[in-house]
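K.L.:
Sequence plus the predicted model coming up.
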Amino acid sequence: MNVLVVDDESNIRKTMMMFFELRHHKVTTVSNARDALIEAGLQIFDLAFVDLRLGTESGLDLVSALVSAAPWLKIVVMTAYASVDTAVEAMKRGASDYLPKPFMPDQLKIVVERLASIRMLEQRITLLQDDLNRNEPDVSLSSSHPAMQRVIELARQVSSSDAVVMLRGPSGTGKTMLARLIHRWSHRSGKPFGVISCPSLNPELLESELFGHVKGAFTGALRDNPGRVASCEGGTLFLDEIGDLPLSIQSKLLRFLQEREYERVGDQRTRKANVRIIAATNADLESAVASGRFREDLYYRLNVIQITLPSLAERPGDIEAIAGNMLAFFNAHNHKAIQGFTPEVLHIFRNYGWPGNIRELRNVVERAVILCTAPFIGQELLPETMVTLLQPQIKIGDREKLETIEELHIRRVLASVSSMHEAAEVLGIDKATLWRKRKQYGL
């Protein structure tokens, strides 16, 4: 944890610094309320120990100010003048615990372990809530494709480090999910994971979203915004489509990568943050560097470890497993129990080009699950364009059997309507006949 100690006695500060450093916590010590608030503005602390009497200042007032600045902060009030009244007042102002002086290391150890477990539990709840709110199935880690196997193995290897990772590959290949997995496998897994899509905001808003801003920094800045860098303290920040990052922000990102320092928009104070960066792009960054649209020094700083994801069409043997994983996910989300896909659908999945990669497959499966009323998803639930691309282009008058033309026509009608009743009306037959035709042609 990152711990703040506020005490006007130097011996107490030294003793507590030694205690926390021996247990591998990061600790900052100050002697007064002013310095404490400055440090709280520059760093994200998990735990604070505040002396009740700081010379002529009141530690209780500092407790209120710290809680206002960092609501998640766990604060322990320390005092040699312990009383029930001061303990109650400290709790009212937001303190989490009360430690009378003098205290023994074992007493301090018990308090720290209890509050550390609470802080970790809160962070895990936040992460789980983010996962519940995320409407995305997890990417499958099993693959029969050698290139994808190498991707997964390399991702596992780099997860144990803090190195910057660059994910490359066509749009929709699962770069965001792979970034989440790298975070989940890392020692940062208990800390936040944030995502910023670089093309989604104009340069001014993107800088504010990334580094934060202070109230009044620009029109519409009605309150302070800590920014994603601060909110991901100790965790991972994923910058999607980094090739679209404006030049005006590239220099600031480079400085953060090199020095871990930044300033909020409208604020001159330099802040520090311990955040791992994972970037992704489907653009040709080398060409962008050559044309001056992307800084060469930032390119090399981001490209420490590069992982390139293959397109979905390159790994047809994985499609059935990925689709099955998505089916299970959307079954649960839509309270359905669809058992699988028909052989015809799986044949189409394996032979289709998937220009949108895994994202397109996700949309196809989600749509089919929503519309499906049968135990298995048939090709009538697939987008018409997808089915048409894989069908022979037969025209009226071609030298084809009548049943071949009939099958093709029924397939196209089924793909263009929303119900069996509507399909029967379009074809001019009753539903019983349509049912027999579907069974005949395996539709």
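P.N.:
Structure received.
K.L.:
For stretch 91-111, give me every contacting residue.
P.N.:
16, 19, 49-50, 60, 63-64, 66-67, 74-80, 82, 86-87, 90, 114-115, 118 (Cβ atoms under 8 Å, 6 or more residues apart in numbering). (C-beta placed from N, C-alpha, C; glycine too.)
K.L.:
Quote the end-to-end distance of it.
P.N.:
Using Cα to Cα, to the nearest Å, one end of stretch 91-111 lies 15 Å from the other.
K.L.:
Look at residue 349 and say how many residues are nearby.
P.N.:
If you count neighbours by other Cβ atoms under 10 Å, residue 349 ends up with 22.
K.L.:
what secondary structure does it sit in?
P.N.:
Under DSSP: H, G, I helix; E, B strand; the rest coil, residue 349 falls in the helix class.
K.L.:
okay, it: pLDDT?
P.N.:
We have a pLDDT of 91 for residue 349.
K.L.:
quick one: least confident helix or strand in the protein?
P.N.:
Least confident element among the helices and strands of the chain, by mean pLDDT, DSSP states H and E: helix 384-389 (a mean of 69).
K.L.:
pLDDT below threshold where in the stretch 51-200 of the chain?
P.N.:
The stretch 51-200 of the chain contains residues with pLDDT under 70 at 82, 127-141.
K.L.:
List the buried residues in the top helix by length along the chain.
P.N.:
The residue-count maximum for a helix in the chain (DSSP state H) belongs to helix 105-133. Across helix 105-133, burial judged by 16 or more other Cβ atoms under 10 Å covers 108, 111-112, 115-116, 119, 123, 127.
K.L.:
Next: stretch 26-35.
P.N.:
For stretch 26-35, by 16+ other Cβ under 10 Å, it's 27-33.
K.L.:
same deal with stretch 4-22?
P.N.:
Neighbour-count burial for stretch 4-22, counted by 16+ other Cβ under 10 Å, picks out 4-8, 12-13, 16-17, 19-20.
K.L.:
Which of these sits closest to residue 275?
P.N.:
Residue 275 lies nearest to residue 4 out of these, by Cβ to Cβ, at 19.1 Å.
K.L.:
separation between the closest one and residue 298?
P.N.:
Distance, residue 4 to residue 298, by Cβ to Cβ, to the nearest Å: 33 Å.
K.L.:
if we can go back for a sec, now, which of the contacts of stretch 91-111 lie within helices?
P.N.:
16, 19, 60, 63-64, 66-67, 86-87, 90, 114-115, 118.
K.L.:
Could you identify the most distant pair in those?
P.N.:
The widest separation within the ones in helices among the contacts of stretch 91-111 (Cβ to Cβ) is 26.2 Å, between 19 and 64.
K.L.:
Can you give the domain ranges for this structure?
P.N.:
2-127, 146-310, 313-441 (automatic domain parsing).
K.L.:
residue contacts, the nearest residue to residue 260 once chain neighbours are set aside?
P.N.:
Spatially, and ignoring its direct neighbours in sequence, residue 260 is nearest to residue 272 (5.5 Å; Cβ to Cβ, 6 or more residues apart in numbering). Residue 272 sits next to 42-43, 260-261 when contact means Cβ under 8 Å, 6+ apart.
K.L.:
Which among those count as buried?
P.N.:
Those of the contacts of residue 272 that meet the buried threshold are residue 43, by 16+ other Cβ under 10 Å.
K.L.:
Next, format the contacts of residue 272 as CSV and append pLDDT.
P.N.:
Output for the contacts of residue 272, formatted as CSV (pLDDT from 0 to 100):
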residue, pLDDT
42, 77
43, 80
260, 92
261, 92
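K.L.:
which one of the contacts of residue 272 sits closest to residue 229?
P.N.:
residue 260 (9.5 Å).
K.L.:
From residue 252, how far off is that closest one?
P.N.:
Residue 260 is 12 Å from residue 252, by Cβ to Cβ.
K.L.:
Next: residue 325.
P.N.:
In terms of Cβ to Cβ, residue 325 sits 39 Å off from residue 252.
K.L.:
One more: residue 43?
P.N.:
Distance from residue 43 to residue 252, by Cβ to Cβ: 19 Å.
K.L.:
Quick check: which element contains residue 4?
P.N.:
strand 2-6 (DSSP states H and E).
K.L.:
partner strands of that strand, parallel or antiparallel?
P.N.:
Strand 2-6 pairs in its sheet with strand 26-30 (parallel), strand 47-51 (parallel), by DSSP bridges.
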